[in-house]
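Chemist: sequence and computational prediction follow.
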Amino acid sequence: QLIGGWECYMERDPVCRERHCFWLLNGYCAINVLYNTLGLYLTKVGSAVMNAVSYALLLPVTTLLFFTPVVGPVQESFTKTSWF
């Protein structure tokens, strides 16, 4: 499994090369580091209430993001049950 993952990461497999796995994984890691760094910065300079409110808003905002065309082929359809 580990060698297969490494081969996919290095895009030696044609399917992984076609899906740009190298750039997607590195982009995900960079965004994750940025997210965590900004969260720590917010904790350092902001109040506990601002920190709690910002993290409480994170889930609904990212959920609504998946209903927009920005996410491309993984866009979710918006139904009445999407509010719950």
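Modeler: Yep, it's here. Since the structure is predicted, the reported quantities are computational estimates derived from the model, not experimental observations.

Chemist: any stretches of this structure with poor pLDDT?
Modeler: 84 (pLDDT under 70).

Chemist: middle-most residue in it, spatially?
Modeler: In the chain, the centroid-proximal residue (Cα atoms, centre = their mean) is Tyr28; its distance is 6.5 Å.

Chemist: the residue nearest to Gln75 when sequence neighbours are not counted - how many residues pack around it?
Modeler: Distances taken as Cβ to Cβ, 6 or more residues apart in numbering place Pro69 nearest to Gln75, at 5.9 Å, with adjacent residues excluded. C-betas here are computed from N, CA, C, even on glycine. Other residues near Pro69 come to 6 when the count uses other Cβ atoms under 10 Å.

Chemist: for Glu76, see how far away Pro69 is.
Modeler: Distance from Pro69 to Glu76, counting by Cβ to Cβ, to the nearest Å: 11 Å.

Chemist: where does Phe67 land in three-state SS?
Modeler: coil (DSSP: H, G, I helix; E, B strand; the rest coil).

Chemist: who's in contact with it?
Modeler: Going by Cβ atoms under 8 Å, 6 or more residues apart in numbering, Phe67 touches 75-78, 82.
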